[in-house]
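Chemist: Provide a 3D model corresponding to the input given below.
(one chain, ligands or ions: 1)
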Amino acid sequence: MSESLQTEVLVIGWGKAGKTLAGVLGRQGRSVTVVEQSAQMIGGTCINIACVPTKALVHQSQARRAGDDPSAYFRGAVHSRDTLTATLNAVNRSMLEEVDQVRLVVGARAEFTGPRQVRVTGGAQALDITADAVVINTGSVPRVLDVPGADGPRIYDSTTLQHIEPFPPRLAIVGGGPVALEFAGMFAQFGSQVTLITRGQRILTGEDDDVAESVHQALAAAGVQIRTGVDVLGMDDDGTHVDVRTSREPVAADAVLVAAGRVPATEGLALERAGIDDGPEGEVVVDAGSDEVLGGALHTVDAQELVNLIALAMRTGTTASQLRDGIWTHPSTTEALNEVLASPRD
Ligand SMILES: Cc1cc2nc3c(=O)[nH]c(=O)nc-3n(C[C@H](O)[C@H](O)[C@H](O)COP(=O)(O)OP(=O)(O)OC[C@H]3O[C@@H](n4cnc5c(N)ncnc54)[C@H](O)[C@@H]3O)c2cc1C
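Modeler: From the prediction side, this is the model:
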């Protein structure tokens, strides 16, 4: 059965930018509809499966004493993590529920049927939405490794590893970026023997040498074995453990985390029906000279230099509430500005 709905702004995905935009526009009296595919993702990736829960786990891991049993301790840490994310998820839900002009559709996936037309499907129900503007805020998903065995039972991504059961005494991690390193440090503290395998000649290839070197030293001191310049060729599961085949010697592990980057979550959106081009990894292709796709409402910050950002804002006459309610592509910037400017006076 299908129903239809007309809205001024349709936001696909209850992520960082989308939820802020929906709240601001709704409070201004615009009719807004937010579609989110999963009740577990209300508030988006950052609070449910990424920034906040992983930092909570890092914090818990650092409080572990040498004598604490790794399995039991990890289970307790996961329980605390789950309590925290459930609270944040509920707060995020009520933040938009209390705005009269915002309609929420949860548990349904969106796909374009035309340039400003979207069909939202959940189970047997379908809703056809026509909007003056559609905001794509579907975020990203972990990149899947294209090697044999990468879909095996002991292969995890950054979401599934947070609830791994049983706790892995030996953990292999594929990747050398921030997510890989965050989990490497965390699981070493929880009591795993961690081996990090990265194809780069060093970890954190996007950072300066001295930064990467300091992080390398800190992880090595925590017991993480780091193998750089190594390609993963396959993963062989014998029913009890997994051998990671590499361009050097293999690594035996009880679990493997693949943290080899993330790709845009645009699969199934049928962007072509909206006349939107996508690139090789599903990224939306934008003409920088036109605001057709971005709508001109997007502010960006490349680094989290809050102090510099606020100094710049003061010079340009940007008010505190504009800063707080702005749409920032870097989630921590949004969180920091929300925190620092909680009750701004213009
Ligand atoms: C492990 C990890 C740790 C991180 N730590 C940090 C950190 O400490 N600091 C930091 O700044 N960043 C961190 N990040 C990055 C940060 O989480 C992301 O940059 C941010 O969450 C992206 O927000 P977003 O609004 O683009 O999308 P998301 O928050 O991902 O929101 C997209 C939403 O769209 C929904 N959706 C997708 N497709 C559809 C569809 N077709 N129909 C309906 N709904 C759909 C999804 O369910 C999701 O809820 C981390 C990431 C990871 C993986």
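Chemist: for the stretch 201-346 of the chain, just list every one of the helices.
Modeler: Applying DSSP state H, counting those that start in this stretch to the stretch 201-346 of the chain gives helices spanning 209-221, 306-316, 320-325, 331-340.
Chemist: and V58, what does it touch?
Modeler: Contacts for V58 (CB atoms under 8 Å, 6 or more residues apart in numbering) come out as 182, 185-186, 189. Every residue, glycine included, has its C-beta placed from N, CA and C.
Chemist: give me the mean pLDDT for stretch 281-291.
Modeler: For stretch 281-291, mean pLDDT rounds to 68.
Chemist: contact residues of this structure facing the ligand?
Modeler: 12-17, 35-38, 41, 44-46, 50-51, 54, 109-110, 137-139, 158, 179, 265, 268-269, 330-332 (CB under 6 Å from any ligand atom).
Chemist: so what's the spatially most central residue of the chain closest to, chain neighbours aside?
Modeler: Averaging the C-alpha coordinates of the chain gives a centre point, and the residue nearest to it by CA atoms, centre = their mean is T45 (4.2 Å). Nearest non-adjacent residue to T45, counting by CB to CB, 6 or more residues apart in numbering: G139, 5.3 Å away.
Chemist: my read: the one you found touches W14, true?
Modeler: No. The criterion here is CB atoms under 8 Å, and G139 misses it with W14 at 9.7 Å.
Chemist: for this structure, name the helix or strand with the lowest mean pLDDT.
Modeler: Least confident helix or strand, the chain: helix 331-340 with a mean of 68, by mean pLDDT, DSSP states H and E.
Chemist: quick one: neighbours of G15, just the number.
Modeler: 23 (other CB atoms under 10 Å).
Chemist: about what we covered before: now list the buried members of the residues of the chain next to the ligand.
Modeler: 12-17, 35-37, 41, 44-46, 50-51, 54, 109-110, 137-139, 158, 179, 265, 269, 331 (16 or more other CB atoms under 10 Å).
Chemist: quick one: which of these sit in strands?
Modeler: 12, 35-36, 109-110 (DSSP state E).
Chemist: just for the chain, where's the confidence low?
Modeler: Residue ranges of the chain with pLDDT under 70: 1, 286-308, 327-332, 335-336, 339-340, 342-346.
Chemist: and the helices in the stretch 51-200 of the chain, which stretches?
Modeler: 51-62, 70-97, 178-190.
Chemist: domain parsing of this structure, as residue ranges.
Modeler: 2-140+263-300, 144-260, 305-346 (automatic domain parsing).
Chemist: check the separation of the first and last residues in stretch 240-256.
Modeler: Length of stretch 240-256, first residue to last, CA to CA, to the nearest Å: 13 Å.
Chemist: do stretch 108-117 as well
Modeler: Taking CA to CA, stretch 108-117 runs 15 Å from one end to the other.
Chemist: one step back: can I get the contacts of V58 in TSV with neighbour count?
Modeler: Output for the contacts of V58, formatted as TSV (neighbours: other CB atoms under 10 Å):
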residue	neighbour count
E182	19
G185	21
M186	25
Q189	20
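Chemist: out of those, which is nearest to the ligand?
Modeler: Using CB to the nearest ligand atom, E182 is the member of these that lies nearest the ligand, at 6.3 Å.
Chemist: on that earlier part again, any chance of the helices of the stretch 201-346 of the chain in a markdown table, with distance to R81 too?
Modeler: Putting these into a markdown table (distance: least, CB to CB, whole Å) gives the following:
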| stretch | distance to R81 |
| --- | --- |
| helix 209-221 | 22 |
| helix 306-316 | 26 |
| helix 320-325 | 27 |
| helix 331-340 | 17 |
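Chemist: residues contacting the residue of the stretch 51-200 of the chain found nearest the ligand?
Modeler: Going by CB to the nearest ligand atom, the ligand is nearest to G139 of the stretch 51-200 of the chain, at 2.2 Å. Applying CB under 8 Å, 6+ apart to G139 gives the contacts 13, 15, 44-45, 264-265.
Chemist: check the residues you listed and tell me the two furthest apart.
Modeler: For the contacts of G139, the maximum inter-member distance is 14.3 Å, found between G44 and P264 (CB to CB).
Chemist: which residues does V118 bridge with?
Modeler: Per DSSP bridges, the residues bridged to V118 are F112, I129.
Chemist: and it, what does it touch?
Modeler: Counting by CB under 8 Å, 6+ apart, V118 touches 10, 12, 35, 110-112, 128-129, 131, 134.
Chemist: which single one of those is nearest to R75?
Modeler: Using CB to CB, V35 is the member of the contacts of V118 that sits closest to R75, with 34.5 Å.
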